[in-house]
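>>> one predicted model, sequence on top.
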Number of protein chains: 2
Amino acid sequence: MTLEFQPPSRDKLELEEGMALTPKFDDQGLVTAVVTDARDGELLMIAHMNAEALSLTLETGIGHYYSRSRSKIWKKGESSGNLQSVKEIRVDCDQDAIWLKVEVAGHDATCHTGRRSCFYRRASIVDGKAGLEVADDHRHFDPADIYGKK
Amino acid sequence: MTLEFQPPSRDKLELEEGMALTPKFDDQGLVTAVVTDARDGELLMIAHMNAEALSLTLETGIGHYYSRSRSKIWKKGESSGNLQSVKEIRVDCDQDAIWLKVEVAGHDATCHTGRRSCFYRRASIVDGKAGLEVADDHRHFDPADIYGKK
């Protein structure tokens, strides 16, 4: 990792209006990353970044995250070919969240289920209960082909 | 709170393809909420929801969150008038994140700094360091007028 991030300023004005990227990593060393499609703004996925993932993303222009389940850096799309080319990176007011606008290579799919977005189900109240319905069921690839049979 | 959420299924297929909303609240009882503008998909803010906030949002159609700094339910826009009318709610594959598409009332601004979105700064590497530049500096309201002088 070549980039170093200074600790976030305790001065609210500096944190919110300053020109230094000083991410507020949580007690696990992570910030939330929101990934949208640069073409049309569709929300594709939510992930987490540690300092190394953020540095790699800034340096290479390819989306890197930190996998909490595997406890390691995760170059998104390395298995599936659906790499993310990062068009723009934004940070929010208190610098604890990152927004990536990306172009997705490969199958143009981000979810491991083969769908374009991880957010393929719509929630609502039906008969007094919170239920889901599928909003997008188009599979751009067969997960069994890409990740192997389970 | 009138809605009850069942614990998330341990069966991956049921969690990812089922029709029950069973959010995976973290050890603090929270899920991540991503809020975009229903008009054009602009990312407005990131927040957190506990079961009560999610239930209130589903029931009332108005965006409710859980404020970690104030440790209480936060009806977004209650002070500023910038209430969020929720047009659609989505959940992601593993049900630990919620996507809200909203229409913002009042000043059409979501950030407490007066800007439309909290993500008003762009990050990039300049001279080997991670720096920021302002991508949107239009203030829709004066924070001092809305929240009082500090």
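On my side now, so go ahead. What you see is a predicted model, and the numbers here were worked out from it, not measured in a lab.

>>> for chain B, give me its nearest residue in chain A.
The minimum distance from chain A to chain B, using CB to the nearest CB, falls at A:G41 (2.7 Å). Quick note: C-beta positions are derived from backbone N, CA and C, even for glycine.

>>> so that residue makes contact with B:R39?
No. The pair A:G41 / B:R39 is not scored as a contact, 10.3 Å apart, by CB atoms under 8 Å.

>>> who has more neighbours out of the two?
A:G41 (15 against 12; other CB atoms under 10 Å in any protein chain shown).

>>> rewinding a little: confirm that the residue of chain A closest to chain B sits in a strand.
No. Counting by DSSP: H, G, I helix; E, B strand; the rest coil, A:G41 is not found in a strand; it is coil.

>>> so in chain A, where's the weakest helix or strand by average pLDDT?
Least confident element among the helices and strands of chain A, by mean pLDDT, DSSP states H and E: helix A:143-147 (a mean of 89).

>>> that one near chain B anywhere?
No. Against chain B, helix A:143-147 shows no contacts by CB under 8 Å from any CB of the partner chain, the least distance being 10.2 Å.

>>> which positions within that helix qualify as buried?
Using 16 or more other CB atoms under 10 Å in any protein chain shown as the burial criterion, the residues of helix A:143-147 that qualify are A:143, A:146.

>>> and if you look at stretch A:57-67?
Those would be A:57-58, A:62-66, for stretch A:57-67 by 16+ other CB under 10 Å.

>>> among those residues, which ones lie close to chain B?
A:L58.

>>> can you add secondary structure and give the buried residues of stretch A:57-67 back as a markdown table?
Below are the buried residues of stretch A:57-67 laid out as a markdown table (three-state DSSP):
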| residue | secondary structure |
| --- | --- |
| A:T57 | helix |
| A:L58 | helix |
| A:I62 | strand |
| A:G63 | coil |
| A:H64 | strand |
| A:Y65 | strand |
| A:Y66 | strand |
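
>>> take the buried residues of stretch A:57-67 and write them to JSON lines, including pLDDT.
Below are those laid out as JSON lines (pLDDT from 0 to 100):
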{"residue": "A:T57", "pLDDT": "98"}
{"residue": "A:L58", "pLDDT": "98"}
{"residue": "A:I62", "pLDDT": "98"}
{"residue": "A:G63", "pLDDT": "98"}
{"residue": "A:H64", "pLDDT": "98"}
{"residue": "A:Y65", "pLDDT": "98"}
{"residue": "A:Y66", "pLDDT": "98"}
